[in-house]
Structures are given as C-alpha cells and as structure tokens.
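In: Using only what follows, build the 3D model:
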Amino acid sequence: MSVLSRHSRRRGLAVQAGASPPDRADSYCAQEPIHIPGAIQPHGVLLVADPSRNLTVVAASENAGQLAGSTASNTLLGLPAAQILGKDFTATLGSMAAAGELPGEAPWETGLNLPGGAFEAACHTQDGMVLIELEPVAPRDEEEALASARALQRVIARLRAAGGRLQDLARVAVEGIRQLTGYERVLIYRFDRDWHGQTLAEDKVADWEQSLDGLHFPASDIPAQARELYRRSLIRWVPSRDAVPVPLHRDPIWEAADLPARPIDLSFSRLRSLAPVHLQYHRNMGVDGSMSLSILHEGELWGLMVCHHRRPHRPSPGQRAAAAALTDAFALRVGSAEHLGAEEARRADSQRLAELIAHMAEAEDVSSALTAGSVTIASLFGCTGAAVLRGSGVDLLGATPAGADVRRLAAWLRQRGGEEIFHSDNLGSEFPDWAPHAAIASGVLAVFLADDRADMILWFRPEEPSIVSWGGNPHKAVTESGGSVMPRQSFERWVEERHGHARPWARWELEIAATLRHAITQVVIRSLTRIAELNDRLRQSQKMEAVGQLTGGIAHDFNNLLAGIVGSLEMMRARVAQGRVTELDRYLGAALGSANRAAALTHRLLAFSRRQTLDPRPTDVNRLVASMEELIRRTMGPEIHVETVMAGGLWTTLCDANQLENALLNLAINARDAMPDGGRLTIEAVNARLDDAYARRHHDVAPGQYVAISVTDSGTGMPPEVVARAFDPFFTTKPLGQGTGLGLSMVYGFAQQSNGYVRIYSEAGEGTTVRLYLPRSQDEASADAQAPDLPAAATAPEGGTVLVVDDEAVVRMLVSEVLRDLGYGVVEAKDGAQAIRALDAMPRIDLMVTDVGLPGGMNGRQLADAMRERRPGMKVLFITGYAENAAVGNGLLAPGMQVMTKPFAMDVLTAKIRSML
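Out: Predicted structure coming up:
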C-alpha cells in the first residue's frame, strides 16, 4: 500500500472524516474471512447448545467423541448438555446464559473432569446459542500454572521498577512474556493512527536471525475486520499452523427447523481456524506456532503482544493466563508512559492557555486578545503558525500560507461538516490543493468557534521528513492472476523516505484546543449579552436625548413662527379698529409668510421621520436634473460654478420626483453655505450595482441595482465627528438663526423611505460629497412624469358633484367654498360613516376629497376602497397633514388617486381639482 494512504479513525476529540479510502491491499484483505467457516483447530472440542431447548447439543466438532472416551461425535447431537458435561456444570451454565453473563469478550472459564479426561472449558453465547470450548489439560499443566503465577509476580515487579519510559516498559514486557510462555520470539506491535504497525520491542532466541525490531508494517497486514475483532476478543493462539481443521456437524433436526442458512458464528471462539491467507503469512515468515494478545488503552486497540515459534507450540492454560495478566499490566502503564515525554509541554501549554483566557476575559475584542500580546494562540502546541478567521477576514501569525489559501482551506473544512475540532498531520493527502504548503503546514488543527462554522482558529505545523523502515515493500502486489489475496512474502528491510507528515497532534493538545473553544464561546456569549444590555441602555438614553432635542427644536422654531402669525393678526385687528385698513396688506403678508415657513418645517419633519406621503413613480433623473439646473444656478449665485455630469444609458429610478427635487435643492443649498468664497458644485448621476460584499460592510444596505446621484462641493468639508451626526434632526454647525438642522435629516428620511440609502464622504478642508442611492425601476418614465402640475383653464368645468370628508370643520368649509366657486355641487361629511350614507343617497359623485386621518375607526384610504367597491370609477384626492405610508397603500396610490399635504394654497387646490376632473 502507499505510505501516504490514510484511514478514517476516531482519535481524541474528533473523527478524521473525509480521509482517503482504505488502501487497495486492505480492501482485498477485508474481503477474506478471518477463519474457515464450519471448522475449528484440532487441539480442542466445540459443542453448540441451544438454551431454549434445555441446552440440547445442536452442533459438535468431529472430534467431540474424546469427551466420553471413544464415543463417535455424531452420537452426541440431540443430547442434553447435562448428559455429556454433568448436571452441576450445565445448571450453572444455563443460569449464566439466562442472566446474560456469557459475553464473547469475556467467556466463563473453568476446569471440568469428564470420562475422556480433564478439560479446560471456555463458554460464551453467540446468536442465541451457547458455545462450549473444551481443551484437554495435561497432567503437568497444573504445575506449569503454579510456576507461571510465581514467574508473573517477578515480571510485574520488574515492570514496576522499569521506570516511566515506554521503551523500557516494552522491553521488560516482551522478555517476561517469552519467559512465561516459552515462545522463541515475542514482540510488541503498536498501531499508529493510520493503522500501520511498528515493532516497538522484540525479544528472541539468539539463533533466529530474522529480526522485526523497529520495522513498520502496512495496515493491510491486519485488515479492519480483524482489528475490530481484536478489540473485543483479547487472546488468540495457533498451536500448529499446518494442523488439519476439524469440521463441525450439526443436528439435522435442529438445522431444518430453526437454523438459518449460514455458518455458526465463531468470531469469539478461541478454537476458530484461521484464514488461509493468515496461515500463509506465517508460513512465509517461518512461523509455525503463534499467539497474540490485544493491548487496549482507554478502550481502543493500541497494539498487540505477538508470540512466534518456528515449530508447533502449545502454551498451557496457566501460561496463557499469566501472559494475559502481564499484557494487561503493561497496558495499564501505557498511558502514563506516553504522557511522560509530553508532560512538560502539556504543563507549559496549560499555563499559556490560562494566561490567554485571562487576557481574553479582560479584552474588548476577542480577536485582538487571541492575536496580540505576549501570549497568543501561536504560543500554543509548539506550532510555527496560526490564523484566526472571522467572517471573510483572516489574521495570520507566524509562518503560514497566504491569506487566500487559508480561506480556501477554511471553506473546505466548513463543507466537511460534523466535528467541532479537526486535526491532521498529513493534510496534503486529504486536501490535495494543500500539497504545495506541506513544508510549513503539513499538520493542521482547526477549531470551529460556533455551530454555524463561520469563525475558526487554525494552527499549523511543518512537515518532519523521516526515514521509515518497512518489513518488505509496502507497495507490494496484492492479488494473483486468479484474484486471490497474496500475503506478504518478503520481510526484508525496505527503506522509504516519508514527506508531508508533521508531528501528530497529541490528545492533550486536542483537549486544550477544546477548552479554548469553550472559553471563547463563553466569553463571546457573555460579551454579547453585556453588549446587548448596554445597547438597550444606550438606545434608551439616545431616544430620550433625541426626543428632548426634537421637541426643543420644534418648540423653538414654531414659537418663532407662531409669534409672527399671532402678532400679525393682532396688528391687523388693531388697525381695523383704528380704521387704518391701508396697512393690512403688510401684516397679511407677514402672517402668510410665517405660516408657509411653518408648513415647510412640518414637511421636513415628516420627511426625516419617514412619515411623509410619497408618490413613487419611474423617474428619469437626467431629465429631472436638467429641468432643475437653472434654478440651482440661480440659487448658487455667480461665485459658484455649477456642473452636471449625467451618465449615458442611466437607468430609471423609482421615487417621488417632487421629493427628489427638494432633496437635491437642500443639498445644493448646504453646499452653497459650505463655499462662502465661491467654488465648484458638481451633480453627477451614474448606474451602481451594490454587491453582497458592500452590503456586508454596510448593515443597512441591500445588494442590488441603484441610480447613484452625487452632489459634490469644493467647500470647507466636515470632520468625522460632524459627519457622524450630520443626519441628526436639528443638528447644525451654522450660527443661531441660519439653519434648522433638518435639511440633511429630510434627505436621509426620503432616501430610507424610498428603499434607498444616503452616504456622506467628507474631510475637513477637502469638500464634501453626498451620494443618494435610489432603487432602479424596471419601467420607463412617462413623458409627462417630470412636468409639474399646471393650473387648468380659468373657466369652470361643466357641473359635477364632489364629496368632501374631513373632521376639521374649518378645513371642510374652506374646501367646500373653493369647490362651490368652481361651480361644483358639494356634499360634506365629517367621518366615513356619514360619507358612505351620502354616497348611497347621491346618484352621482365625481370626486371624493378626503382627509386620511378620520375618526370612527375608518381612515381615508379604507373609505376610498369601500367607495370604489360601490363606484369603481370614482376619483379620490387625499388631503393630509400626517399619514403613515400604510394609510395610502404603503406609499403607492391606485390609478385615479392623488394626494396633497396640508397646509396648501387655495389656488394649488383649485388646480389639482381641475386636473382630476
């Protein structure tokens, strides 16, 4: 197999999912059975009993007759086990089977005297049957068992005195096993995380020249299904590899009635015969008798204690028991021995982790806590580089691949799914695009910081080139021409230089990474909770400050305006009383001027609060700016050069054209005030596509297509603190009395209400650009969409009836007077209920003029919809001083509907009614 092939295996805290599939040799070996079905080794006897039939024998090995002396095997079939093995033994066996106390991993072992001699019995259950294995015991076995127990005590004492190094413990263990069992060679075979094996220690007789010490063996030599069995069944032995297997005979009655058409499962049977490929492997190695014992560490298969003999060799039950006990004693020392070399590094990293967590708990930003200071994530695990990924950003520390390559790795890791922690010491074999980075980052440890897997921490380790001595060429052919599996034939040392592998990640390193992840999660959650609490308090404080600022500004401006209105009216009353009527026009003009300024202030407040009623339509910005250019030039004055730059092929935008004109005029006036000594004003319009990346950087922006309208001046500019507050209501840098602070607020509210955005780009002394983004419309602007409403002809139309609905009697009276002066019939109503009754009583109503806010539970828009169900063609004019968008259809008016905002001039109302009728 290839030395770079890998297998997925659970190690530490994560599963290396997504690794390369098992190598070809392992795949072929995995197809082979681990034993010959329906046959056992001849050094023992096997009986299969059915507990549901009072432990009746339903199968027996062909040599089972030796249990009763010279009885034929077939004569035992169908007999109760008690008749063959004795009542006491069978009663105990039956009760243990019923209680589930005969697992295959830990069979019940006991001695048994039968007519055929003394036997060692090992019993377990499998597939509902009880398997009873009986091995003849020689007279000397009891003496050997006692000697083995004494020898075991001495070997365990040497094991305790061997110190903590794994090599020293392994050497004592193999010497002790060989002394206890009499095998010619004993070795400890250790698995790595890819299931390749290595001989960790070897003890052998001097005349056996072949040595396996230090050699590596590919995973295919012990395929996956065998490794899984070795994890559960802890001891196996073969007295003679060339012994002829003994077949099993089954009771025909039992087989026909109940037995499925498959062999009896001998997976946990110690007498099971071995697969031919396994026996041939031993034959090629020169091994005849053999035994292997599983070394388990923390429930996983860590390695094997392997015993070889060049001739047939059968250790006694006592010798095998002593070997199993010594293997378990060695397994108990494995953990401490492996941790001994890494303990100092583990303690140092634990200290660094504590410092990092303490720093992180005090820091305002988690990323900076991880990447700045005397202790960072790069201080952990002896790594040479690290990275923190937050969204699309990446912070690199030490020797790492480029940021773009790290982001590609992160994307690959996210797609894998599954574990919270990923680790690999040979990433190039799993992620082929990573091979060019092997020199500095063959080893990767990744920790995902949340369930969405967006943010993560990565550590990198460079490759550590090494020389691997294989026991024969690991790239051997695996099949003959006939397709059967070929076992290893050569065990000569085969040297290979290995690249692309870093030092493996230790279990304690994974645990520290998991602790850091938990700490980050807790810190972030705690920080977010604290931030949310502080934001709530800040919003409440800002809300109260804004309300105070807003009400104070409104009170200031309206008091000034009301003083002008009330004072003018009082002067008019005084002059009338004095008979000086010739002076009334001056006071009348002052009162109207103050009232109009109050109306303008109200419109700006509505625009800022996004409560103004809009009439969005497809608008040609090029045409709109061209129509305003002369007005803007006059407003700017001769000292300011005005330039318009309109893009060809400019898209149509969806907005209220009148409000866009107001916004541009406000921006132009602000620009003029910022250029007291003259300068340049540029109005530019272009098509703009705002992509996902831009939208992520600006939380209030939705990606899409917009028309971008920029107003740029060469004036004094604004510092950052002024830009940050530019859209606040009543915030102004102008002297008292020279500005209300609502101009930019109105522009901001109009943009937001139009599903657009506004941005300010400015530096002190460098001028200012205000850019409006308004959404693209897929419809073309109509030719007259930009034309202002023109007064109709002075002559009154020919008759007609108008329904006027308003709860304000004065407004209702004024509108009705205007309509009567125009020659229309007028019907008045103060709420929706009166209006519907009037409609039912009138055969003809041509127009309804209604306020939006009406008492009685029905607003103007709801009234209009109800009227149109009765009179589909009836036209509606909404008049409103304050209206939510929803009140008029979320800002969109149906055909035949128009809107005017209060207060309005009577001549404008006249023109609007004439245009509708």
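
In: three-state assignment of residue 400?
Out: Secondary structure assignment for residue 400 (DSSP: H, G, I helix; E, B strand; the rest coil): coil.

In: wait, isn't it in contact with residue 383?
Out: No: applying Cβ atoms under 8 Å as the test, residue 400 and residue 383 come out as separate, 9.7 Å apart. All C-beta atoms are positioned from the backbone trio N, CA, C, and that covers glycine.

In: Would it be right to say that residue 146 lies in a helix?
Out: Yes: under three-state DSSP, residue 146 sits within a helix.

In: which SSE is the closest residue to it other than its chain neighbours in?
Out: Using Cβ to Cβ, 6 or more residues apart in numbering and skipping the chain neighbours, the partner closest in space to residue 146 is residue 318 (7.3 Å). Following DSSP states H and E, one finds residue 318 within helix 317-362.

In: Can you report the mean pLDDT over the residues of that helix?
Out: If you average the pLDDT over helix 317-362, you get 82.

In: What is it packed up against?
Out: Contacts defined by 3 or more Cβ pairs under 8 Å, 6 or more residues apart in numbering; DSSP states H and E place helix 317-362 against helix 141-160, helix 166-181, strand 235-238, strand 289-297, strand 300-309, helix 366-371, helix 507-578.

In: Need the CA coordinates for the second one. CSV is fine.
Out: Once non-C-alpha atoms are left out, helix 166-181 reads as follows in CSV (Å, rounded to 0.1, in the frame of the first residue of the first chain):
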residue,chain,number,x,y,z
LEU,A,166,7.7,3.3,27.1
GLN,A,167,10.7,1.6,25.5
ASP,A,168,11.9,0.3,28.9
LEU,A,169,8.4,-1.0,29.8
ALA,A,170,8.0,-2.7,26.4
ARG,A,171,11.4,-4.4,26.8
VAL,A,172,10.5,-5.8,30.2
ALA,A,173,7.1,-7.0,28.9
VAL,A,174,8.4,-8.9,25.9
GLU,A,175,11.1,-10.6,28.0
GLY,A,176,8.5,-11.5,30.6
ILE,A,177,6.0,-13.0,28.1
ARG,A,178,8.8,-15.1,26.4
GLN,A,179,9.8,-16.4,29.8
LEU,A,180,6.2,-17.2,30.8
THR,A,181,5.2,-18.9,27.6
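
In: got the buried residues for stretch 347-358?
Out: Neighbour-count burial for stretch 347-358, with 16 or more other Cβ atoms under 10 Å as criterion, is recorded at 349, 352-353, 356-357.

In: can you count the residues close to the closest residue in space to residue 217 that isn't next to it in sequence?
Out: The shortest distance from residue 217 to any non-neighbouring residue, by Cβ to Cβ, 6+ apart, is to residue 197 (4.5 Å). By other Cβ atoms under 10 Å, the residues close to residue 197 number 20.

In: what's near enough to touch residue 197?
Out: Applying Cβ atoms under 8 Å, 6 or more residues apart in numbering, one finds that residue 197 lies in contact with 189-191, 216-217, 219, 221-222, 303-304.

In: rewinding a little: hey, least reliable of the helices and strands packed on helix 317-362 by pLDDT?
Out: Mean pLDDT values for these show the minimum at helix 507-578, a mean of 68.

In: these two touch, right, residue 629 and residue 643?
Out: No: counting by Cβ under 8 Å, residue 629 stays clear of residue 643, with 9.8 Å between them.

In: ok, those two, which is more surrounded?
Out: In terms of neighbours (other Cβ under 10 Å), residue 629 is the more surrounded of residue 629 and residue 643; the figures are 14 against 11.

In: now the more buried one, nearest residue through space, not along the chain?
Out: Of all residues not flanking residue 629 in the chain, residue 644 sits nearest, at 5.9 Å (Cβ to Cβ, 6+ apart).

In: tell me what the helix or strand that contains the one you found is packed against?
Out: Per DSSP H and E, residue 644 falls inside strand 640-646. Packing contacts for strand 640-646, counted by 3+ Cβ pairs under 8 Å, 6+ apart, involve helix 621-636, strand 679-690.

In: Note down every partner strand of it and its orientation.
Out: Here strand 640-646 is paired, per DSSP bridges, with strand 679-690 (parallel).

In: Restricting to C-alpha, output stretch 643-653 in PDB.
Out: The C-alpha coordinates for stretch 643-653 follow below in PDB (Å, rounded to 0.1, in the frame of the first residue of the first chain):
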ATOM      1  CA  GLU A 643     -21.600  71.400 -13.400                       C
ATOM      2  CA  THR A 644     -23.800  68.400 -14.100                       C
ATOM      3  CA  VAL A 645     -22.400  65.100 -15.300                       C
ATOM      4  CA  MET A 646     -25.100  62.800 -16.400                       C
ATOM      5  CA  ALA A 647     -24.200  59.200 -17.500                       C
ATOM      6  CA  GLY A 648     -25.400  57.900 -20.800                       C
ATOM      7  CA  GLY A 649     -27.800  55.000 -20.500                       C
ATOM      8  CA  LEU A 650     -28.800  56.000 -17.000                       C
ATOM      9  CA  TRP A 651     -31.400  53.700 -15.500                       C
ATOM     10  CA  THR A 652     -34.900  54.900 -14.500                       C
ATOM     11  CA  THR A 653     -35.300  55.100 -10.700                       C
END
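
In: Nothing else from me, thank you.
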